[in-house]
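>>> Quick one: sequence plus predicted model below, questions after.
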Amino acid sequence: MSHPKQTPQVLNQPFNRKLSFVICFLLMVLSSVLNARAQTHPGMDGFQLPPKAKGDYYFSQGKFKEALEIYKSILPDEADPGPIFRGMVKAWNAMGALDEAKKYLSAYRQSHENSSAVWYALGYLHYLKGDNQKAEKLFKRATELDPDNGLAWNSWAASLAEGKHFQQAAEKVRIAILTNPKELMFFANLKKIYEQMGNGQRFEAEYNDSVKGGPLAWGYGKTLARSLRQKSFGDYAKGNKAGAIAGFEKILDIHREIDDVKGQVPILFSLGLLHEESGNAQKSQDFFRQVLSINPDHIQAKEKIKPMN
């Protein structure tokens, strides 16, 4: 797969073809994210991230101390402090400062004894330290204080899975999913637990047999699509373009089933690129036009469209 400005000689190099399709896909997804959230770059003139997102951005850039200070500054005003605490513990962990984290969280708990979030945070801290037994007791207390603390249920499940208590782990993460059906981390954890149980097809089977069309379809579908995307990239890297096309077609079906219209755009464009490389001009043009029917301003698709005779 080539960039429009690359030469035919580059197209004939297998290594570059394999890289270019994946790179093109990733750049297009990144472009979509940036267009949808133009404010994602702190310091960009005229744009500001919400504080939590700004902390997450700094964390992703390895600026853990800056991220931690932002999380601390917004903690008092957060109606749902669980994600803030999670970010804080992750930052402390990245800095090798879990002892500092324990002091801070323990002091916070003294004045917020009934805060489910801080009990969860202490549990997450012990989980990261490898003290799963202590962590699970803290997660249990967090869920007693707030049965809707999905982060606590999910981390409890992860800890149980590490101890090979897979059935209990699956039960806990299913509760997490019910508390927040839009949190993809919970669905990914359930899929991973099924794989650890030696039943890797169970997640997809649940989606097809009982979840499709229901309130959990979005989370199951998005998680399946991500997994299939990685497999399709792998097929493409091995030279199996037919397998990659079949994989992306399946991903497209899932996005349509869960009514994720925006999510269809990068998949449709990828199918256009794959068919273009396979020499099927008619199909490739059809997919590029489908992209434009959803997003008429899609620059890459516009560049690919050829005048109809």
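Alright, I've got the coordinates. Numbers count the residues shown, from 1 in each chain.

>>> Please make it C-alpha for all contacts and neighbour counts, starting now.
Noted.

>>> can you give me the helices in the stretch 101-250 of the chain?
116-129, 132-145, 150-162, 166-179, 184-196, 202-206, 217-237, 241-257 (DSSP state H, counting those that start in this stretch).

>>> Make TSV from the ones you listed and add mean neighbour count, mean pLDDT and distance to Tyr104 to it.
Output for these, formatted as TSV (neighbours: other C-alpha atoms under 10 Å; pLDDT from 0 to 100; distance: least, C-alpha to C-alpha, whole Å):
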stretch	mean neighbour count	mean pLDDT	distance to Tyr104
helix 116-129	24	98	10
helix 132-145	20	98	16
helix 150-162	25	98	19
helix 166-179	20	98	26
helix 184-196	21	98	26
helix 202-206	15	96	39
helix 217-237	20	95	34
helix 241-257	19	96	43
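
>>> got CSV for those helices, with distance to Ser293 too?
CSV is the format used below for these (distance: least, C-alpha to C-alpha, whole Å):
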stretch, distance to Ser293
helix 116-129, 44
helix 132-145, 46
helix 150-162, 38
helix 166-179, 34
helix 184-196, 28
helix 202-206, 30
helix 217-237, 22
helix 241-257, 15
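
>>> which ones are touching Ile245?
Ser232, Leu271, Leu274, His275 (C-alpha atoms under 8 Å, 6 or more residues apart in numbering).

>>> which parts of the one helix or strand the second one maps to are buried?
The one in question is Leu271. Under the criterion of DSSP states H and E, Leu271 resides in helix 261-277. For helix 261-277, a neighbour-count test (16 or more other C-alpha atoms under 10 Å) marks 263-277 as buried.

>>> Return the residues in contact with the spatially most central residue of the chain.
Averaging the C-alpha coordinates of the chain gives a centre point, and the residue nearest to it by C-alpha atoms, centre = their mean is Leu184 (6.2 Å). Applying C-alpha under 8 Å, 6+ apart to Leu184 gives the contacts Gly219, Lys222, Thr223.

>>> Just the closest of those to His298, please.
Lys222 (22.4 Å; C-alpha to C-alpha).

>>> how much space between the closest one and Glu277?
27 Å (C-alpha to C-alpha, to the nearest Å).

>>> Ok, Leu160 next?
From Leu160 to Glu277 the distance is 46 Å (C-alpha to C-alpha).

>>> can you tell me which residues contact Arg92?
Check again: residue 92 is Trp, not Arg. So Trp92 contacts Phe64, Leu68, Leu98, Glu100, Ala101 (C-alpha under 8 Å, 6+ apart).

>>> ignore the last one, Tyr108
Val118.

>>> Could you do the one 4 residues further on as well?
Each residue near His112 by C-alpha under 8 Å, 6+ apart is listed here: Val118.
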